[in-house]
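**Q** sequence and computational prediction follow.
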Amino acid sequence: MMSLRLSGLFSLLLCLQGLSLVGAFATGDSGCNLFFCLNITSTAEIMTYEVTPVFEPFGWVGVGFGRQMQDTHMVVIWDSKDGSRILSQRYGVGHVEPVLEANPSRVATMVPPTVTSWHKGNYSTTAFQIPVNKTNPHPGVLIWAYSLRKPDSDPSADLTGHYVAGTVNMKIAAPDMISHTEVAAESVELFPHAQKVIWHGLLLSVGFLLLLPTGSLVARFGRNFTPGWFKAHKLINFGVALPVIAAGWVLGPLAVLDRQANHFADAHQICGMLLFGLYLVQLSLGRYIHSKRANPGRAPHPPSNILHVVLGISVIALAFFQVRSGLAEWSMRMGQQDMAHWCHDLWAAWAFILPVLYFGGLALLRRQFAQEKQGTVSYDESPEGKNYIALAAAPSPILFDAEHHGYSELESGVPLLHRAS
C-alpha cells in the first residue's frame, strides 16, 4: 500500500511538473474564461492570436484591440456552413454592431495553429497573425464578446447581438520593450502563476485524496486493535491535512486573481468552496464529539458520531469529483492532455481501491461491537476516556472458572500453590 501511494504521488508530481514548463517558456500570455481560450505570442513585428471556443453553442467570438467598443479595431470569427472558419475584421463605432473594415490598416491573416496547442476545447482553434501596433503601449488590453447565434457564411454578414462581453488584460510587453532580455523576464513573471496552479492541484490532491482517506482507514481498522487509534486519526486529519489543504485552497483564488478572472465562475470553483467548508464542518464535529466523550450516560454511538462518519465519507467522495473536474479543466485550459491521462489512470485506480479497503473494513464491525460490549465497564478507566474502545481481555479459564471450581484466583487472594486443602 505504501509503495502504491509513493508511486501515485510520484506520477502526480510528473503530471503537475509538465505544466510548469508551459508557463516557464511561454513568450506571451494565455488564459480561458467560460466561453473561449485565448493564447497570444508576440515578437517586435507580429502578434499571433489563437482562439478556441469552448462554450455550447458557438455563434461567433470577437477580440478587439482596445479598452472599449468605441473606435476599436477588432477581429470576429465564426464557422461557416461547410465547417470552415471565417475571419472578419470590424470597427467599433459605439454600442451597435461593428462595421466591416474593407481596408484595415493592419490586416489579420489566418495561419495554422500550433501543433502542441495549449488549449483543447469543443471546437477547433483559429490562429491569426496581425502586425504589431507600435503606438499602443498596452497591447495586452483587449475587449471580447461572445454570441450564441451563428452569422451567415460571409465575412460581411450581419452579426447578432453578443450573449456576453468583457475585457481582459494579458501580460504582453509593449513593442519597444520586446527583446531577448524582456522575453526572459516575462517568462520569469509568468512562472509564479504556473507554480500556483501546480501547488494548488498537488496540495489539494494529496490532502483530500491521500491524507484524509488515510485518517479514515486508521479510524476504521485501528479502533479494532488499539485505543490509541484516535491520536493517529486526529494527527493525520487535523494536524497534517489542515495545513496542506488550507494552503492548497488559498492558491486557487490567487491563481484566478492572476488572470483577473471571475471567482466562483464554474462548477469546479463553486464545488471547491463547498468542499473546503464541509471539511471545516467535519473537523468541528470531530472536536465536538471528542469534548463530549466523557459525559455520564453517553451512548457509545450517538447520532453525532454516525453523522461524523457519513460526513467524512461524503467529503472524500466529493473530493474525488473535485479532483476529476480539476484535471478536466487542466486539460482544457493548459493542453496537457497526454500528461493528464496518467493522472486520470491514477485517479481511477485509487477511486476503486479506496472504497474496497474502507468498506472491506466493515467486516470488523462484529468484532468492534463485541469489544465495546465487553469493555463497557472499563470505559472510564481507559487512557482515552469514555466512548473510545477499551479492549477487553479474553476470559481466562483460571480467573473465571468459578462455575466449575467454586472459586477463582481473584476471589481468594491467595496464591494457588499455597491455598489450604
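**A** Now that the structure is in, tell me what you want to look at. Residues are numbered from 1 along each chain as shown.
**Q** got the residue ranges for the strands in the protein?
**A** Secondary structure of the chain (DSSP state E): strands at 28-32, 36-42, 46-53, 60-64, 72-79, 85-92, 99-100, 109-111, 126-131, 141-147, 164-169.
**Q** could you export the ones you listed to JSON lines, including columns for distance to residue 198?
**A** Where you see a C-beta, it was placed from the backbone N, CA and C, and this is true even at glycine. Compiled in JSON lines, the strands of the chain are given as follows (distance: least, Cβ to Cβ, whole Å):
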{"stretch": "strand 28-32", "distance to residue 198": "16"}
{"stretch": "strand 36-42", "distance to residue 198": "19"}
{"stretch": "strand 46-53", "distance to residue 198": "22"}
{"stretch": "strand 60-64", "distance to residue 198": "28"}
{"stretch": "strand 72-79", "distance to residue 198": "32"}
{"stretch": "strand 85-92", "distance to residue 198": "33"}
{"stretch": "strand 99-100", "distance to residue 198": "44"}
{"stretch": "strand 109-111", "distance to residue 198": "31"}
{"stretch": "strand 126-131", "distance to residue 198": "27"}
{"stretch": "strand 141-147", "distance to residue 198": "27"}
{"stretch": "strand 164-169", "distance to residue 198": "23"}
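**Q** can you flag the weakest of these by average pLDDT?
**A** Ranked by mean pLDDT, the strands of the chain end with strand 28-32 at the bottom, a mean of 82.
**Q** how many residues are close by residue 29?
**A** 23 (other Cβ atoms under 10 Å).
**Q** what bridges to it?
**A** Per DSSP bridges, the residues bridged to residue 29 are residue 40.
**Q** ok, it to residue 113 distance?
**A** 16 Å (Cβ to Cβ, to the nearest Å).
**Q** I'd like to know which of the strands of the chain is closest to residue 218.
**A** Nearest to residue 218, of all the strands of the chain, is strand 28-32, at 39.6 Å by Cβ to Cβ.
**Q** measure how the closest one sits relative to strand 46-53, angle-wise.
**A** Interaxial angle of strand 28-32 relative to strand 46-53 (axes from the mean of the first three to the mean of the last three Cα atoms, to 10 degrees): 10 degrees.
**Q** for residue 363, find the nearest of the strands of the chain.
**A** strand 28-32 (46.7 Å).
**Q** which strands and helices sit next to the closest one?
**A** Applying 3 or more Cβ pairs under 8 Å, 6 or more residues apart in numbering; DSSP states H and E, one finds that strand 28-32 contacts strand 36-42, helix 303-334.
**Q** now do 10 Å
**A** If you count contacts as 3 or more Cβ pairs under 10 Å, 6 or more residues apart in numbering; DSSP states H and E, strand 28-32 packs onto helix 2-24, strand 36-42, strand 46-53, strand 164-169, helix 180-206, helix 303-334.
**Q** ranking these by mean pLDDT, which is last?
**A** Out of the helices and strands packed on strand 28-32, helix 2-24 stands lowest, with a mean of 39 (criterion: mean pLDDT).
**Q** how about the residue lying closest to residue 150 once chain neighbours are set aside, what does it touch?
**A** Nearest residue to residue 150, sequence neighbours excluded (Cβ to Cβ, 6 or more residues apart in numbering): residue 59, at 4.7 Å. Taking Cβ atoms under 10 Å, 6 or more residues apart in numbering as the contact definition, residue 59 lies against 53, 78-79, 146-151, 159-163.
**Q** good, we can wrap up now.
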